[in-house]
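Q: Output the structure for:
(2 chains)
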Amino acid sequence: MAKMQTPAMEKIQKKNARRKKAYKSTPGRESWKRYKRNPTAIIGLVVVCILILIAVFAPLIAPFNYQTQDYGAMMQAPSAAHWFGTDQFGRDIFSRIIYGTRYSLVIALFCTIAAFFTGGLLGIIAGYFGGIVDTVIMRLMDIFQSIPMIMMAMCIVAVLGNGIPQLVAAIMFASMPTMARNNRAAILRVRGCDYIESSEAIGVSQPRMIIKHMIPNAAGVMIIFFAGFLAVSIMMMSSMSYIGVGLAAPTPEWGLILNDGKAYLTSAPYMMLFPAMMIMITCFAFNLMGDGLRDAFDPKMK
Amino acid sequence: MLKYILKRILYLIPILIGVSIIIFALKTFTPGDPARQILGNSASEEQVQEKREELGLNDPVPVQYFNYVKGIVTRLDFGDSYRTGKPVLSEITPRLWTSAKITLGAVIIGALIGVLLGIISALKKYTAVDSGVLVISMFFQSVPEFVIGLVLIMVFAVNLHVLPANGIETWQGYIMPMLCIGLASVASYTRITRSSMLEVLGEDYIRTAKAKGQSQNNITFRHALRNALIPVAQSVGTNLGNSIGGGMVLETVFGVPGVGKYIVDAITQRNYPSVLGGALIIAIVLTIINLLVDISFVLIDPRLKTTIISGSGSKKMKKVKPETAKAA
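A: A predicted model of the protein is given here:
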């Protein structure tokens, strides 16, 4: 039966074609649409954005330098001049916390990137090649994983010494196995797909296959873990600094500020209250964002 | 079955060797001369050289590693503390028990709260209760344990004076550390319970039970929960490692004389043999506990047994495992 083509139908078809052009559905856009629907994820994203702005504009926001000691204003309770009070050296706690945002976010980012390019890459290789390569890499990661994460990091800092590069190395080694496991799982899920099989059949080269076909398709899941690891890095960093095996003293890291206030818990609880709240807010915001990303990029996983 | 257990025990060996290599590598990187540390600054250069020879520090690295492992296997020699001169093992053993009590309490608290919240969340799926439960449990997971610990100290010890802030002389001292570590693992139990409950509730036999006119409570607790708890129980092993890690920090916060505080104190005192010896002992204990947990679950769940005993089953088992770990 021949299809009838009326002028009215042509009009509709044209209209539809135009509409399709106006809204192009890409994976990124679809994910953002799903992300927007989740109110807690939006809260997380907003808080994370504010934290990034604080970190970037720290010198403009902080009323004092983070290490200026004012012996005329020691151990002062929160006031108009010192919003979060001052510590035992007369340093403004608000300014220290603001600068601390910079340290925490940047170090966490470095730790996560470092872990991604070691553990993550190993995971991708293991997942892609499979067989003996997979076995060797994953058994190696099993060994690393049999030492609890934070204990591993603490031992490394103990041996290498306190400092930012040492801390990054410690957290990197400690989080390598989890990162490898996650990325391997992400690649394995893509590996089984039909389009990989068909590109293999038409003779796509291996590097091209990994870079052009597998990583972009596994990227969503990898981004979820990346966001999660930022929070884990901040958690580990502040925990280690608090117990004295993280960064060294004058750095305005939140865990260290808490450590400073430890001795004055009963007399000046505000010294611990504000940095503790800052850690809570930051870690929670990153996790809310990570959770939203999971629903957005990988709706089937929940 | 016996074959499976033997296989798992054999599998333990490469892991223990690997861990010992990591610890040994860290040991060779430790700053300062161990011989000098033992003898003190007043010792002469010849005495130090003699001690180095005695400790075997002049031997090639592979020989040193061999002797290190030999010492551990034959004499249980994990090194001597620089500070007290006593073997690390004898110093750590009484502390292991303290840490074990706290970790066990934490696992029980975490699992109980987590499973309960998971059931509520699954029964009220996609409602405000469900998302509220998930957000609250995630809050405790995402905030470092020591911050929760500090808040609890501020409230219960400093303001209300109902619990001691430091030490475990009385039983009340155990409450806060256990609660902090337990709360951190609630989220993971909640999620696993929720998803496995949702899966089980969709099974045919639940529909049959409903059709027979069973009460909702009966279906939830007697039919669904029993099967839904299997993946939850299996995740205890994974969570155990996290709980021990969290415990290490919290022992310092609450002044609990456990393994964690021992290692943290040793780090601040630059007492390297205690740090690395302690780490190795904890890793070994943890690996063995994980093995026992795995084996006991095969014994408990008859379905796992059949997959393992039938020849091709062992492969299946391996494939299933990472997925459950991923869900965590």
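Q: quick one: secondary structure of residue A:79?
A: coil (DSSP: H, G, I helix; E, B strand; the rest coil).
Q: list the contacts for it?
A: Contact partners of residue A:79, counting by CB atoms under 8 Å, 6 or more residues apart in numbering or on different chains, are residue A:85. For every residue, glycine as well, the C-beta is placed using N, CA and C.
Q: Nearest spatial neighbour of the residue of the stretch 51-200 of chain A found nearest chain B, chain-adjacent residues omitted?
A: Using CB to the nearest CB, residue A:143 is the residue of the stretch 51-200 of chain A that sits closest to chain B, at 3.2 Å. In space, and not counting its chain neighbours, residue A:143 is closest to residue B:18: 3.2 Å by CB to CB, 6 or more residues apart in numbering or on different chains.
Q: Okay, and the one you found sits in which element?
A: Assigned by DSSP states H and E, residue B:18 belongs to helix B:2-29.
Q: Which residues belonging to that helix are considered buried?
A: By neighbour count on 16 or more other CB atoms under 10 Å in any protein chain shown, the buried set for helix B:2-29 is B:4, B:12, B:15, B:16, B:18, B:19, B:20, B:22, B:23, B:24, B:26, B:27.
Q: That helix - what's its average pLDDT?
A: The average pLDDT within helix B:2-29 is 85.
Q: and the helix or strand that that helix is followed by, is it in reach of chain A?
A: Using DSSP H and E, the next helix or strand after helix B:2-29 towards the C-terminus is helix B:34-39. No - applying CB under 8 Å from any CB of the partner chain, one finds helix B:34-39 separated from chain A by no less than 12.8 Å.
Q: List the buried residues of the helix or strand following helix B:34-39.
A: Using DSSP H and E, the helix or strand that follows helix B:34-39 in sequence is helix B:45-55. Of the residues in helix B:45-55, B:48, B:51, B:52 count as buried by neighbour count, 16+ other CB under 10 Å.
Q: do stretch B:248-256 as well
A: Buried residues in stretch B:248-256 (16+ other CB under 10 Å): B:248, B:249, B:250, B:251, B:252, B:253, B:254, B:256.
Q: repeat for stretch B:264-273
A: Quick answer for stretch B:264-273 (16+ other CB under 10 Å): B:264, B:265, B:266, B:267, B:270, B:271, B:272, B:273.
Q: Against chain A, which of those residues make the cut? List them.
A: B:264, B:266, B:267, B:270, B:272.
Q: so how far is residue A:10 from the first one?
A: Here the criterion is CB to CB, to the nearest Å. By it, residue B:264 lies 77 Å from residue A:10.
Q: My guess is residue B:232 contacts residue B:193. True?
A: Yes - taking CB atoms under 8 Å as the definition, residue B:232 is a contact partner of residue B:193 at 5.3 Å.
Q: Centroid-nearest residue for the chain?
A: Chain wasn't specified; assuming chain A. The residue lying closest to the centre of chain A (CA atoms, centre = their mean) is residue A:230, at 2.6 Å.
Q: Correction: the question concerned chain B.
A: Taking CA atoms, centre = their mean, chain B has its central residue at residue B:241, 2.3 Å away.
Q: Tell me, what's the model's pLDDT at the closest residue to that residue other than its chain neighbours?
A: Spatial nearest neighbour of residue B:241, excluding adjacent residues (CB to CB, 6+ apart): residue A:148 at 5.0 Å. With respect to pLDDT, residue A:148 has a value of 83.
Q: got a list of what residue A:148 touches?
A: B:241, B:242, B:244, B:245, B:248, B:282, B:283, B:286.
Q: Please identify which two of those residues are farthest apart in space.
A: Spatially, the most separated pair among the contacts of residue A:148 is B:242 and B:283, at 14.5 Å (CB to CB).
Q: So between the two, which is more surrounded?
A: residue B:283 (25 against 20; other CB atoms under 10 Å in any protein chain shown).
Q: List the contacts of the more buried one.
A: A:146, A:147, A:148, A:151, B:19, B:23.
Q: just checking, it is part of a helix?
A: Yes - counting by three-state DSSP, residue B:283 is part of a helix.
Q: Looking at residue B:232 and residue B:193, which has the bigger crowd around it?
A: Shown here are residue B:232 and residue B:193; by other CB under 10 Å, residue B:193 has more neighbours (26 against 22).
Q: what bits of chain B have low per-residue confidence?
A: B:302, B:304-328 (pLDDT under 70).
Q: Please name the residues that touch the residue in chain B that chain A sits nearest to.
A: At 3.2 Å from chain A, residue B:18 is the closest residue in chain B, using CB to the nearest CB. Taking CB under 8 Å, 6+ apart, we find residue B:18 in contact with A:140, A:142, A:143, A:146.
Q: Most neighbours among these, which one?
A: residue A:146 (22 neighbours).
Q: All good on my end, thank you.
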